[in-house]
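Novice: based on what follows, work out the 3D shape:
(4 chains)
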There are 2 protein chains.
Amino acid sequence: MAKARPDRRTEILEAAARVITERGLAETRIADVAADAGVSPGLVIYYFETKDRLLAEALAQLNDRFYLQVSRDIRGLTSAREQLERLIDLSVPGLLGEEEDRREEWSLWVEVWGRALRDPAMASEREVLDRRWRDAIAAVIRTGQASGEFPAGDADEQALRLAGLMDGLAIQVVLNDAIVTPERMKRTCMEVSAREIGFELFPAKA
Amino acid sequence: MAKARPDRRTEILEAAARVITERGLAETRIADVAADAGVSPGLVIYYFETKDRLLAEALAQLNDRFYLQVSRDIRGLTSAREQLERLIDLSVPGLLGEEEDRREEWSLWVEVWGRALRDPAMASEREVLDRRWRDAIAAVIRTGQASGEFPAGDADEQALRLAGLMDGLAIQVVLNDAIVTPERMKRTCMEVSAREIGFELFPAKA
DNA sequence: GCCTGATGATTGAACAATCAGTCAAGTCCG
DNA sequence: CGGACTTGACTGATTGTTCAATCATCAGGC
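Specialist: Predicted structure coming up:
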């Protein structure tokens, strides 16, 4: 109904995002994207020149989507501690329901890292996105410091530590490590955050 | 000189390890390995049946090599704190000289993670190796606790935290992140270790 | 209202490159 | 001589990309 004039380029991009999250970056063929978009392989190249450009654009879109959700979710919370917890919840693969399961997003990150090793364009894209992520964490920490909820401290360094820990643990979780479960990852992240940033894990409700 | 009777299988395995660390798992072709070993492509398949089996064996060998070096290096150190620092030094990509540069090893890990997402055999191999790594860290921590150098604590949980942090930061370093330099990674790992495990970063030499 | 031609969108078959794995034939060594 | 080892050309499958042909849309002339 709403398809007055379908924007092919956008349709193909969305199809690519779907295929990538389902089958992974390495297993995504142009033919798959074309089939998912209900379009011929030739048309995909017609709009995106090369497969690499298509994948790069699709990845950027997927990331924007994640950041949008995170900032939307966080905006509604008043306490920095709650914001931080929500950030962690959203980052732990498989912790929340299907609706916001981050497993596929993390799988994607792992593949991006692999590709970035040999693809400079992908590498600089990744660096930008990672910095944006750390900055988002640091912003939450600064909010808490400004309001007196957290003690003063180097928010950037604290964000780096938390982001690093989350990356490392998320790898284990997304690969279904028997020891590192989503719940354990969350607990560990919360405890380390509390200690490194300097807040009480279970604040007295006073 | 020492090649009385060349063990082709071993030669090919070593060639595979070289090619993999140079070009990455995804970019390693049978022909490359054959060329590096000075042998025909057919012979590679003759000894290893499939490319996957070749890669799996080569990876296992690379890992054993790393663990051997780590345990050899650590055995010579008496204080647990020094052992831990050595462990971290050996883990930070590009911190030490070329001889023991871990950059290629970490690149490899990133690719193993990517492959493990879709290859169950690779996934369970990874899990085993990762557990071995965390156990090695935990063993060092327990040594320190037993000698009274570190306070009592949950060594397994502490090891999980340190291993997670190292994984996450190593990704940034190996991808040449402008902010996360090898030196910064080391400093951060040491500081977090000190706080989480509970030792003095700069012990009075008493 | 209808034809017309131009422009861009779209197709799908064909092309070309890449590689894992096969195989028939040779070589070496005991 | 025989069996293990070795070769390298070949096959077959996959897949990114090209391209000639077709189709849709629409502005503008009649």
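Novice: name the helices or strands packed onto the lengthiest helix in chain A?
Specialist: Counting residues, the longest helix found in chain A (DSSP state H) is helix A:120-146. Helix A:120-146 is packed against helix A:51-75, helix A:80-91, helix A:103-116, helix A:155-174, with contacts defined by 3 or more Cβ pairs under 8 Å, 6 or more residues apart in numbering or on different chains; DSSP states H and E. Every C-beta, even on glycine, is put in place using the N, C-alpha and C of the backbone.
Novice: closest point of chain A to DNA strand C, which residue?
Specialist: residue A:42 (2.2 Å; Cβ to the nearest atom of the strand).
Novice: and that residue, how many neighbours?
Specialist: 9 (other Cβ atoms under 10 Å in any protein chain shown).
Novice: take the helices and strands packed on helix A:120-146 and lay them out in a markdown table including distance to DNA strand C.
Specialist: Shown next, in a markdown table, are the helices and strands packed on helix A:120-146 (distance: least, Cβ to the nearest atom of the strand, whole Å):
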| stretch | distance to DNA strand C |
| --- | --- |
| helix A:51-75 | 13 |
| helix A:80-91 | 35 |
| helix A:103-116 | 15 |
| helix A:155-174 | 26 |
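Novice: nearest to chain B, of these?
Specialist: Counting by Cβ to the nearest Cβ, chain B lies closest to helix A:155-174 out of the helices and strands packed on helix A:120-146; the figure is 3.3 Å.
Novice: wait, does the very next helix or strand once past the closest one contact chain B?
Specialist: Counting by DSSP states H and E, the next helix or strand C-terminal to helix A:155-174 is helix A:182-193. Yes. Counting by Cβ under 8 Å from any Cβ of the partner chain, chain B is contacted by helix A:182-193 at A:188, A:192.
Novice: can you pull the contacts of residue A:185?
Specialist: By Cβ atoms under 8 Å, 6 or more residues apart in numbering or on different chains, the contact set of residue A:185 is A:92, A:95, A:166, A:169, A:170, A:172, A:173.
Novice: go with 10 Å
Specialist: Contacts for residue A:185 (Cβ atoms under 10 Å, 6 or more residues apart in numbering or on different chains) come out as A:88, A:91-95, A:165-166, A:168-170, A:172-174, A:177, B:160, B:164.
Novice: quick one: it from residue A:88, how far?
Specialist: 9 Å (Cβ to Cβ, to the nearest Å).
Novice: shared neighbours of the two, anything?
Specialist: Joint contacts of residue A:185 and residue A:88 (Cβ under 10 Å, 6+ apart) are A:95, A:166.
Novice: who wins for proximity to residue B:32 among the helices and strands packed on helix A:120-146?
Specialist: helix A:103-116 (18.0 Å; Cβ to Cβ).
Novice: count the neighbours of the closest residue to residue A:161 other than its chain neighbours for me.
Specialist: Once flanking residues are discounted, residue A:161 sits nearest to residue A:196: 5.5 Å by Cβ to Cβ, 6 or more residues apart in numbering or on different chains. Residues near residue A:196, counting by other Cβ under 10 Å, number 20.
Novice: got it, and the one 3 residues further on?
Specialist: Taking other Cβ under 10 Å as the neighbour definition, residue A:199 ends up with a count of 18.
Novice: what does residue A:191 give?
Specialist: Other residues within reach of residue A:191, judged by other Cβ under 10 Å, total 14.
Novice: quick one: the nearest residue to residue A:71 once chain neighbours are set aside and DNA strand D, what's the gap?
Specialist: Leaving aside its sequence neighbours, residue A:71 sits nearest to residue A:136 (Cβ to Cβ, 6+ apart; 7.4 Å). Residue A:136 sits 33 Å away from DNA strand D when distances are taken as Cβ to the nearest atom of the strand, to the nearest Å.
Novice: can you check residue A:142 too?
Specialist: In this view, residue A:142 and DNA strand D are 43 Å apart by Cβ to the nearest atom of the strand.
Novice: please list all residues in contact with the closest residue to that residue other than its chain neighbours.
Specialist: Spatially, and ignoring its direct neighbours in sequence, residue A:142 is nearest to residue A:155 (4.9 Å; Cβ to Cβ, 6+ apart). The neighbours of residue A:155, taking Cβ under 10 Å, 6+ apart as the test, are A:134, A:135, A:137, A:138, A:139, A:140, A:141, A:142, A:143, A:144, A:145, A:197.
Novice: which among those residues end up buried?
Specialist: A:134, A:137, A:138, A:139, A:140, A:141, A:142, A:143, A:144, A:145, A:197 (16 or more other Cβ atoms under 10 Å in any protein chain shown).
Novice: give me the pLDDT for residue A:203.
Specialist: With respect to pLDDT, residue A:203 scores 68.
Novice: tell me where the model's unsure across chain A.
Specialist: Along chain A, segments meeting pLDDT under 70 span A:1-6, A:98-99, A:203-206.
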